[in-house]
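# Please find the sequence and the predicted model below.
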Amino acid sequence: MKSRSLKFREAHKVGGSAAFCSILWDHKAEHFVTSSSSDPSISVHDGLSPSTLPPTILRHHQDGVTALALSHDSTFLASGSIDHCVKLYKFPSGEFQTNITRFTLPIRVLAFNGSGSLLAAAGDDEGIKLINTFDGSIVRVLKGHKGPVTGLDFHLNGELLASIDSTGTVLCWELQNGIVSFILKGVAPDTGFSTSIVNILRWSPDGRTLAVPGLRNDVVMYDRFTGEKLFALRGDHLEAICYLTWAPNGKYIATSGLDKQVLLWDVDKKQDIDRHKFEERISCMAWKPNCNALSVIDARGKYGIWESLVPSSMISPTVGIPDILPKKRNEIHNFDDEIEEELHGASESLNDSLVDSDDGESHHTSRKRLRKKTCIDDDGDAYEELNDGSSLPSASEFRKKSHRVHREKQYAGSGAFKSTAASTKYKMQSSFQPGTTPLEPGKRTFLCYNMLGCITTIEHEGNSRIETDFHDTGRGPRVSSMIDIYGFTMASINESGCVFANPCKGEKNMSVLMYRPFRSWASNSEWTMRFEGEEVKVVANGAGWVAAVTSLNLLRIFSEGGLQKHILSLDGPVVTAVGRKDHLAVITHVSDCLPSNEQVMEFRVLNISKMTEELKGRVALTPGSRLTWIGFSDEGSLSSYDSKGVLRVFTSQYGGSWIPVFSKEKKQEENYWVVGLNTTSVYCIACKHPEIFPQVTPKPILTILDLSLPLASSDLGAASLENELMLKQLRLYETQQRVDDMASTGVDTTALEDEAFDMEVSQDKCILRLISSCCSSDSFVRASELMRLLTLEKSMRAAITLVTKLKLPFLAEKFCSILEERLLEEANEAITNPSQNPNKEVVTRVESKVQNPPASVQTSENTEAVMKSSATKLSATTLVRKAKVSEGLKLGKEQTKKDETEDAKIKEIKKLNLIKIPVNNVNKEDKGLRKEVNQEEARRSSNPFLKSTV
C-alpha cells in the first residue's frame, strides 16, 4: 500500500456515531456540494479556491440531509432529509425554489435523469417517486422493493432506472411502461435500517454495464439488458463495499469499503492498481470532471481530494469520455401513451423467442443473451442487439441507437461531439463590498467594517435591524439604530455619513440606494434612489460625495444632499470600489479569467472634486487568487489584499508598481481579514482556519501586524534589517514625491521636508547596522554597496569610523574613496548650478537598490559602541539643523550669486582636505568633526539645507 497523505477539511460536524455524508461535483468542476445526515445544512464550496473562499450554506431542512442530486447541466440541486422533505434549489447560487415533494418517512436517495426533467426520490417509504421538475407533479410511483431504497441511477438513454434496497435486491425499471426489466435478488449486502451505511449502484459511462457491490467484498458487473453477471472485481477489501463511482471515461472505478480502504480498479484488466487506507470510513466519493482527482468525504464530515490517483503512465480518466447527448429539459416521457409500433415489434420478438420443446410445450428462452447478427458501420464500430424474451429492447430504442451512430458519423469531422474533458473555463470574480461579511439568517453580520467604525445588521421580526458604531466613541456622533425594510446587503461609512444598497429587493423589486448623514443643519436629510432595470453592486462615499456602481457598468456619483452629479460608463464589470476624502478607487474586470485561473483587473483612482483621473493601471494578484480587500492607507496609498494572503501597496516607483508589503506565512493557522494599514503596520482581524470572515459577536479584536516583505532567504542573518530598510526607502520615496508635488503648486513644504530629513536619518541608521552585519560575515562588496546608499555625509563618516574600529583598513580606504566621489559630485553640481532656491533643500537623493536581503547577526562590543556614538551624533545634528532652518531661509535671500559660488568652492576644498587625512587618524578627525562642521555651518548660513553641514 502506498504511503500518501491527504489533507482533510471539516465540512460538517458529526457528533456521536458515524453519519452518511455526501459529496458531488458540478459538470464544470467549478463547485462541489457536501452534506451530512447529522447536519441540516448543505455546503456549496468553490471548486477553484475551496480553502480560501467560504462555502455557501443552505439551511432549509429541519433535520440531517441524507441525499443530494445535481441535474446533468448543474442548474438545479435537489436535497432529501430525515425530515421527509425533498427541496429544489437553483445552482450554484443556492436560491431556494420549492419543496418539490414530501414523504412520510426519511428520504435515502435522489437522482436526476439526463435532461433534468425528472427527479427520482426514494427512502424508507414504499415506492420510488418520479417527479416532474417543472411543476412538481408525481408522474409515476414505482413499487416493488421490500425494504428501504438506498440507491438510484438513471440510464443515459433516460428509459431505464436501476434501484437497490437495503436487503441487497436490484430492480431495473423500464420507464416507458413502468414494468421491471429484470430483478437481481440478494446480490448485494444487507445493510438493514442503518442510515450511515447504504447500498449503491452505478451505470457505466457508456451505459453497457451496471456496477453493484457484491457479497464477497467485491464489485459485480451486470449486463444492461438481461441482468446477466458479466464479471467481478475482487481485490483486497476486507469488508463489504459501501460506495463506488466510475471514472468519467469508464476505464476505472473507485470503491470504498467498511474496512476504511479506497481501491482504484482498472476495469479492463479487472485488477486494482492503487489503494489508500484512511482513518475513517469513506462514505461518499466523486471524480473531479476535468482532471485526475477523486474527492472523498468520510463518516465524520471531513472531505479531501486525492490528486493524481491514476498513474501518469496510464490513460487519464478524462481521456476518451463517451459522447452523451442527454435529452433537452423540455422533453418529458409520456408514460401513458403506448406506441403501436413498439408493441408490434415486441410482440414479434416474443413470438420468435418462443420455441417448442421435446415434450411439445412451449417456453421462454433462458436468461442467457441470444445474440443476433452484428451490425458494423463504416468506421468499424459495432453494436449488438439482444433478443431475450424477458428483457426486450423497444423498437424506438433500436431506432434511436442507429440514429445516434449515424449522427456521430455525420458530425465527426466537424467536432460537434467533443469530450466533456475539455478545459474548464474559469469564472470572473463576482463583485464584493470591502468590509462586508456574508449574510447568515438569524446571525448579526457586518455590512461595513473599516478603521473608523462598523455597520451591522440582523434579521428582526421579518425586517432587519441596522446598528452603526464607531471604534472611538469620541470621534464620531452617536447614531441611532435603524429598521431596514429594504434588505440592505452592503454599506460604506466615513466621518460624514453612511450609504446603503441592496441587490434588486424592495419596492417593485428595484435596487435601492440610501444615504444617511450623521450631521445636518436640515431635518429629513436622508435620501434614497431607486434603479429600474439595474442593481447596485458596490457603494462608496467620501468628502461631500456618494458613489454607486451598478450592473450596467455605470458609475453614478451623487452629492451628500442627493444631487445626481455624474454618470460614467466603466470599461468592464465592477469588482469593488472604495472612497477616501476626494478620491474614489474603482476596480473592474478587463477580460475573462485566464486559463491559468488568473483574474485580469484594472483600477482607476478618480479625484471627484477636480473631476480628474489621477491613477490607472492593472491590479497585481497572486496567481490563482481572488481580490478580497481594497482600501487606502492612512497616508492615502491605494492598497489591496488577495486570497493568498499578500498585501500590496501601489507606488509611483518605476512608472507605477505594486509592492508586496505583507505576506501571510504558508503554515499560518489563521486567516487575516484586513481592515486597514499605515506605513509600518497592517490592521486586521485574525480568523481561525478555515474561517475567513470574523464573527460580529463577541466584538472582534483588531490585530496589529508589522509589515513584512516576502524576502528571499539570504546567506547573512539580517532579514529584519533588510525588511526595515526597504520599507523606509518606500516611505521616504513617497514623502519626497509629495514634497515635489506640493512645491510645484506653491504650497509651503517646510514641515514635510523636516519629516523627510528625519526619515533619511532613520534610514541611514538602518544602513549602518546592515554594514556592520556585512562586515561580520565578510560580505565586503555588499557593504560598499550599502555605503553608497547612505544619504548624509555624517553617516558616511560614521561608516568609515565603524570599519576602522573593526580593523578593516582596506574597506575604510574604499569607503573614503566613495565619500570623496560623493563630495566631488556635489561640488560639480554646485558649480554647474550655483543659484539655489532658498526654500528648497539641496539634497542628493539616493534611491536604494539593494537586491540581496541580508539578515541579522550579533556585532562586537566595539561595533556596538560605535553605533551608539554615531546615533548620538546624528540625533544632535538633526536638532542643530532644525534650529537653523528659519535663519537660513532669511539670510539665504540676501546672498548674491557670486558669493554662493565662492562659498561652495571653499567648502568643497576644505572637505577634500579632510578626506586626505590618513586612515589611522580617522578617530582623531572624528573627535574634532563636530566643532569644524559647526564653524563651517556658521560661515555658510546662506544655504542651511546642504547635507554636508549635518
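That came through fine.
# where in this structure is pLDDT low?
1-5, 323-425, 460-462, 505-508, 667, 834-950 (pLDDT under 70).
# Just the helices from it, written as ranges.
When assigned using DSSP state H, the helices of the chain occupy the ranges 340-353, 395-411, 719-744, 750-776, 780-789, 793-805, 809-832, 861-883, 885-892, 897-915, 922-927, 929-939.
# The longest one: which residues count as buried?
Residues of helix 750-776 classed as buried under the neighbour-count rule (16 or more other C-beta atoms under 10 Å) are 752-753, 756-757, 759-761, 763-776. Glycine gets a C-beta too; all of them are placed from N, C-alpha and C.
# and what of the third one?
Judged by neighbour count using 16+ other C-beta under 10 Å, the buried positions of helix 719-744 are 719-736, 738-739, 743.
# tell me which residues in stretch 455-472 are buried?
Of the residues in stretch 455-472, those buried by neighbour count under the rule 16+ other C-beta under 10 Å are I455, T456, T457, I458, E459, S464, I466, E467, T468, F470.
# Out of these, flag the one nearest to N132.
Nearest to N132 among the buried residues of stretch 455-472, counting by C-beta to C-beta, is E459 at 33.9 Å.
# what's the spacing between the closest one and Y89?
20 Å (C-beta to C-beta, to the nearest Å).
# One more: G304?
For G304, the distance to Y89 equals 25 Å [C-beta to C-beta].
# Equivalent analysis for A122, please.
Separation of A122 from Y89 (C-beta to C-beta): 20 Å.
# Which residue of the two possesses the greater neighbour count?
Neighbours were counted for A122 and for Y89 using other C-beta atoms under 10 Å; A122 has more, 28 against 20.
# OK, contacts around that one?
By C-beta atoms under 8 Å, 6 or more residues apart in numbering, A122 lies in contact with I107, R108, V109, I128, K129, V149, L152, S163.
# cool, and S639?
Applying C-beta under 8 Å, 6+ apart, the residues contacting S639 are I630, G631, F632, S633, L647, R648, V649, F650, L677.
# How much space separates it from F662?
10 Å.
# overlap in contacts of those two?
Applying C-beta under 8 Å, 6+ apart, one finds that S639 and F662 are jointly contacted by L647, L677.
# related to what we said a few turns ago, closest to A577 among the buried residues of stretch 455-472?
Nearest to A577 among the buried residues of stretch 455-472 is I455, at 16.6 Å by C-beta to C-beta.
# Could you find which two of the buried residues of stretch 455-472 are furthest from each other?
Across the buried residues of stretch 455-472 (C-beta to C-beta), the longest gap, 23.8 Å, separates E459 and F470.
# And the strands in the stretch 401-550 of the chain?
With DSSP state E, counting those that start in this stretch as the criterion, the stretch 401-550 of the chain has strands at 445-449, 453-460, 463-470, 482-484, 490-493, 497-501, 511-517, 527-531, 536-541, 545-550.
# Rebuild these as JSON lines, extending it with distance to Y252.
Formatted as JSON lines, the strands of the stretch 401-550 of the chain follow (distance: least, C-beta to C-beta, whole Å):
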{"stretch": "strand 445-449", "distance to Y252": "44"}
{"stretch": "strand 453-460", "distance to Y252": "48"}
{"stretch": "strand 463-470", "distance to Y252": "50"}
{"stretch": "strand 482-484", "distance to Y252": "53"}
{"stretch": "strand 490-493", "distance to Y252": "46"}
{"stretch": "strand 497-501", "distance to Y252": "50"}
{"stretch": "strand 511-517", "distance to Y252": "49"}
{"stretch": "strand 527-531", "distance to Y252": "52"}
{"stretch": "strand 536-541", "distance to Y252": "44"}
{"stretch": "strand 545-550", "distance to Y252": "48"}
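# List the residues that contact S22.
Listed by C-beta under 8 Å, 6+ apart, the contact set of S22 reads V33, T34, S35, S36, V65, T66, A67, L68, S283, C284, I297.
# please redo it, this time with the cut-off set to 6 Å
S35, L68, C284 (C-beta atoms under 6 Å, 6 or more residues apart in numbering).
# Weed out the non-buried ones from those residues.
Among the contacts of S22, those classed as buried by 16+ other C-beta under 10 Å are S35, L68, C284.
# Pick out whichever of the residues you listed sits closest to M221.
Comparing the buried ones among the contacts of S22 against M221 with C-beta to C-beta places C284 closest, at 21.1 Å.
# Include neighbour count and distance to R216 when you put the contacts of S639 into a markdown table, please.
Below are those laid out as a markdown table (neighbours: other C-beta atoms under 10 Å; distance: C-beta to C-beta, whole Å):
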| residue | neighbour count | distance to R216 |
| --- | --- | --- |
| I630 | 24 | 60 |
| G631 | 22 | 63 |
| F632 | 21 | 68 |
| S633 | 19 | 68 |
| L647 | 23 | 58 |
| R648 | 21 | 60 |
| V649 | 22 | 65 |
| F650 | 22 | 66 |
| L677 | 26 | 64 |
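# Sort out for me which of the residues you listed are in strands.
In this view, the contacts of S639 that belong to strands under DSSP state E are I630, G631, F632, L647, R648, V649, F650, L677.
# Which of those sits closest to G656?
F650 (7.0 Å).
# Show me what that closest one bridges to in the sheet.
W658 (DSSP bridges).
# Is it in contact with E635, as I believe?
No - using C-beta atoms under 6 Å, F650 makes no contact with E635, being 11.9 Å away.
# need the buried residues of stretch 455-472 in CSV with distance to A620, can you?
Shown next, in CSV, are these (distance: C-beta to C-beta, whole Å):
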residue, distance to A620
I455, 30
T456, 32
T457, 33
I458, 37
E459, 38
S464, 37
I466, 35
E467, 36
T468, 34
F470, 33
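# can you pull the contacts of S609?
Listed by C-beta under 6 Å, 6+ apart, the contact set of S609 reads D582.
# in the stretch 151-300 of the chain, which spans are strands?
Using DSSP E, counting those that start in this stretch, the strands of the stretch 151-300 of the chain run over residues 160-165, 170-174, 179-184, 202-203, 209-213, 219-223, 229-233, 241-246, 252-257, 261-266, 271-277, 282-287, 293-298.
# Same list (these) but as CSV, adding distance to G16.
Shown next, in CSV, are these (distance: least, C-beta to C-beta, whole Å):
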stretch, distance to G16
strand 160-165, 26
strand 170-174, 32
strand 179-184, 35
strand 202-203, 30
strand 209-213, 26
strand 219-223, 31
strand 229-233, 34
strand 241-246, 19
strand 252-257, 21
strand 261-266, 24
strand 271-277, 24
strand 282-287, 15
strand 293-298, 15
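# and K13, which of the ones you listed is closest to it?
K13 sits nearest to strand 293-298 of all the strands of the stretch 151-300 of the chain, at 12.9 Å, using C-beta to C-beta.
# May I have that closest one exported as PDB, CA atoms only?
Only the C-alpha atoms of strand 293-298 are listed here, as PDB (Å, rounded to 0.1, in the frame of the first residue of the first chain):
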ATOM      1  CA  ALA A 293      -8.600  13.700  -9.000                       C
ATOM      2  CA  LEU A 294     -11.100  12.000  -6.600                       C
ATOM      3  CA  SER A 295     -12.900  13.800  -3.900                       C
ATOM      4  CA  VAL A 296     -13.800  11.800  -0.800                       C
ATOM      5  CA  ILE A 297     -15.800  12.600   2.400                       C
ATOM      6  CA  ASP A 298     -15.700  10.400   5.500                       C
END
